[in-house]
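# here's a sequence, model it:
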Amino acid sequence: MMRSNNSRAVILGTAIAVTLCVVGTGLSTTALAQQEKFNAKLSGSNEVPPVTTSGSGVATFQLSADGKSLDYQLNLTNMNSVMAAHIHNGKQGENGQPVAGLFNPSMSGPPTGAVNGQLKKGTLTSADLSGALAGKQISDLVTMIKSGGAYVNVHTTKNQNGEIRGQIS
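Model (predicted):
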């Protein structure tokens with residue numbers, strides 16, 4: 001059976017529309033998938049070894065649409081004399097080196113007073129990575145997080161190795 005040119009045009013037009021729809025959906029799905037969120041619940045019992053403290057906290061992270069930066073917010077409760085906060089490389093139960101600073105990373109500034117609320121809000125880029133991630137990309141930090149190999153640690157004058165900690169997931 002022979003098809004008319006109009007039938008071919010309709011079939012071809014439908015194929016193009018379906019292809020564009022699939023490609024368009026793939027692109028937007030990729031962008032949405034990259035805007036991943038992560039968080040860490042911080043407590044003294046997560047420290048290695050555990051620390052007795054009334055302090056606690058939550059760190060939240062959101063990956064940018066292009067995957068090149070990570071926005072974060074660090075909120076603390078019942079904390080005093082905070083010296084620094086970092087993301088460290090290490091699985092639960094293991095201590096590791098810092099790979100990104102969240103607050104006073106060099107621990108050179110004066111400690112805070114009492115903190116009950118937001119300690120810091122900011123954006124990490126590849127330029128902020130250090131230690132095992134120095135010279136690498138935010139995607140490498142995200143891979144570390146997804147593998148269970150990154151935690152947030154908050155250091156105080158009383159507990160300089162860390163007073164509260166939580167794995168990022």
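# now do the helices in this structure.
5-34, 138-146 (DSSP state H).
# comparing the ones you listed by mean pLDDT, which bottoms out?
Among these, helix 5-34 carries the lowest mean pLDDT, a mean of 42.
# ignoring the adjacent residues along the chain, who's closest to the residue positioned nearest the centre of the chain?
Centroid-nearest residue in the chain: residue 61, 4.1 Å away (criterion: CA atoms, centre = their mean). Distances taken as CB to CB, 6 or more residues apart in numbering place residue 38 nearest to residue 61, at 4.3 Å, with adjacent residues excluded. For glycine as for every other residue, the C-beta is placed from the backbone atoms N, C-alpha and C.
# ok, the one you found - contacts?
60, 61, 62, 63, 145, 168, 169 (CB atoms under 8 Å, 6 or more residues apart in numbering).
# separate out the buried members of those residues.
61, 62, 63, 145, 168 (16 or more other CB atoms under 10 Å).
# and the residues you listed, which of them are in strands?
Counting by DSSP state E, those place 61, 62, 63 in strands.
# quick check, nearest of the residues you listed to residue 124?
The shortest approach to residue 124 among these belongs to residue 61, at 8.3 Å (CB to CB).
# in contact with the closest one, which residues?
37, 38, 39, 70, 71, 72, 145, 168.
# how about 7 Å then?
Residue 61 makes contacts with 37, 38, 39, 70, 71, 72, 168, as judged by CB atoms under 7 Å, 6 or more residues apart in numbering.
# just give the closest residue to the fourth one, not the sequence neighbours.
Ranked by CB to CB, 6+ apart and with sequence neighbours excluded, the top spatial neighbour of residue 70 is residue 124, at 4.5 Å.
# what about that neighbour, neighbour count?
A count of nearby residues for residue 124, using other CB atoms under 10 Å, gives 19.
# ok, it to residue 78 distance?
26 Å (CB to CB, to the nearest Å).
# may I have stretch 39-49 as CSV, with CA atoms only?
Taking C-alpha atoms only, stretch 39-49 is exported to CSV below (Å, rounded to 0.1, in the frame of the first residue of the first chain):
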residue,chain,number,x,y,z
ASN,A,39,21.9,17.0,55.7
ALA,A,40,23.6,16.1,58.9
LYS,A,41,22.2,15.9,62.4
LEU,A,42,25.0,16.9,64.8
SER,A,43,25.4,15.6,68.4
GLY,A,44,28.2,14.9,70.8
SER,A,45,27.3,11.2,70.8
ASN,A,46,28.5,11.0,67.1
GLU,A,47,32.0,12.3,68.0
VAL,A,48,34.9,9.7,68.1
PRO,A,49,35.2,9.3,71.1
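# can you give me the neighbour number for residue 146?
The burial count for residue 146: 13, using other CB under 10 Å.
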